[in-house]
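> quick one, what's the 3D model for this:
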Amino acid sequence: MLHNLANYLPKIIVAILVLIFGTLLARFINRLVFAWLHGMKYEGALRISTTAEYGIQIFALFVALEQLDIGTQLLTALFVIVFGAIFLALAIAFGLGGKERAARLIDEVQSKRLK
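Just a heads-up that it's a prediction; the model follows:
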């Protein structure tokens, strides 16, 4: 049993390091995104920068758990599903929000072709 613990100890150390560096990266990205959006006078800068920080934290947690061999297939499937759902929602929102602009652009292109 002590031999198994000794073999598992490096995985624990790496998982802790992943969490530490993931947290540092998440805080850096939070400040970077906030400064960038705040400089552009965007109202939701804090909300977006905090969301980016939490996303990186969750990703680091998944990587650490995978390093520890805890539910790797389930975590990978969960991450892919959530990641895909978020970007599908963003794509739909972008498409619905840009529908009128795209229609105007298509009309402009078609009117130039007819002339």
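> let me know the average pLDDT across stretch 25-44.
Averaging pLDDT along stretch 25-44 yields 94.
> using CSV, write out every CA atom in it.
Taking only C-alpha atoms (Å, rounded to 0.1, in the frame of the first residue of the first chain), the coordinates of stretch 25-44 have been written out as CSV:
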residue,chain,number,x,y,z
LEU,A,25,-3.3,32.3,-15.1
ALA,A,26,-7.0,32.8,-14.4
ARG,A,27,-6.3,35.9,-12.3
PHE,A,28,-3.9,37.3,-14.9
ILE,A,29,-6.5,36.8,-17.7
ASN,A,30,-9.2,38.4,-15.5
ARG,A,31,-7.2,41.5,-15.1
LEU,A,32,-6.1,41.6,-18.7
VAL,A,33,-9.6,41.2,-20.1
PHE,A,34,-11.0,43.7,-17.6
ALA,A,35,-8.4,46.3,-18.4
TRP,A,36,-8.9,45.8,-22.1
LEU,A,37,-12.7,46.0,-22.0
HIS,A,38,-12.7,48.9,-19.4
GLY,A,39,-10.4,50.8,-21.7
MET,A,40,-13.0,50.4,-24.4
LYS,A,41,-15.6,51.7,-22.0
TYR,A,42,-17.6,48.5,-22.2
GLU,A,43,-20.2,48.3,-19.4
GLY,A,44,-20.0,44.5,-18.8
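> helices and strands around the longest helix along the chain, which ones?
Counting residues, the longest helix in the chain under DSSP state H turns out to be helix 2-39. Applying 3 or more C-beta pairs under 8 Å, 6 or more residues apart in numbering; DSSP states H and E, we find helix 2-39 packed against helix 45-67. Every C-beta, even on glycine, is put in place using the N, C-alpha and C of the backbone.
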